[in-house]
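Colleague: Here you go, sequence then predicted model.
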Amino acid sequence: MRSSDIILGIVAIFFPPVSVAMLTGCSFDLLINIALTILGFIPGHIHAFYLLYLNAKAEEKYGKGGYRYHGNGEFLPIHGGYQPVPPPPSYGTTAGNH
């Protein structure tokens with residue numbers, strides 16, 4: 001855990017949308033956090049600390065500075081590239097069987 005994570009946690013205690021804005025930038029998660037904070041202060045806290053948790057897990061998985069925020073609470077590695085998912089097998093079909 002870095003000192004910036006501690007500062008984000010302290011900011012999240014007093015005003016959750018600021019910590020979310022510092023973590024994700026101007027994103028849909030920021031709008032969600034603002035709405036949750038307006039509806040009730042506790043839901044805004046839960047959302048902010050959830051994003052902080054995801055950030056800490058991404059740092060453990062990809063290393064310090066080896067990831068970026070992708071949206072919807074998803075952190076992806078900077079390096080390594082995108083690995084496409086292979087299409088599912090076509091069971092019971094005759095396509096491609098000549």
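Modeller: That came through, no problem.
Colleague: can we go C-alpha only for contacts and neighbour counts from here?
Modeller: Fine.
Colleague: Go through the biggest helix by length in the chain and flag the buried ones.
Modeller: Secondary structure of the chain per DSSP state H: the longest helix is helix 41-62. Of the residues in helix 41-62, 41, 43-49, 51-52, 55-56, 58-59, 62 count as buried by neighbour count, 16 or more other Cα atoms under 10 Å.
Colleague: quick one: the strands in this structure?
Modeller: For the chain, the strands defined by DSSP state E cover 67-71, 74-77.
Colleague: Identify, out of those, the most deeply packed stretch.
Modeller: Sort the strands of the chain by mean neighbour count, taking mean count of other Cα atoms under 10 Å, and strand 74-77 sits at the top with a mean of 17.
Colleague: Need the pLDDT of the residue sitting nearest the centre point of the chain.
Modeller: For the chain, the residue sitting closest to the mean C-alpha position, by Cα atoms, centre = their mean, is Gly73 at 2.3 Å. Looking at Gly73, its pLDDT is 76.
Colleague: now do Ile13
Modeller: 93.
Colleague: Now do the contacts for Ala12.
Modeller: Counting by Cα atoms under 8 Å, 6 or more residues apart in numbering, Ala12 makes contact with Val18, Ser19, Val20, His45, Ala48, Phe49.
Colleague: quick one: which of those residues is nearest to Leu36?
Modeller: Nearest to Leu36, judged by Cα to Cα, of those is His45 at 8.5 Å.
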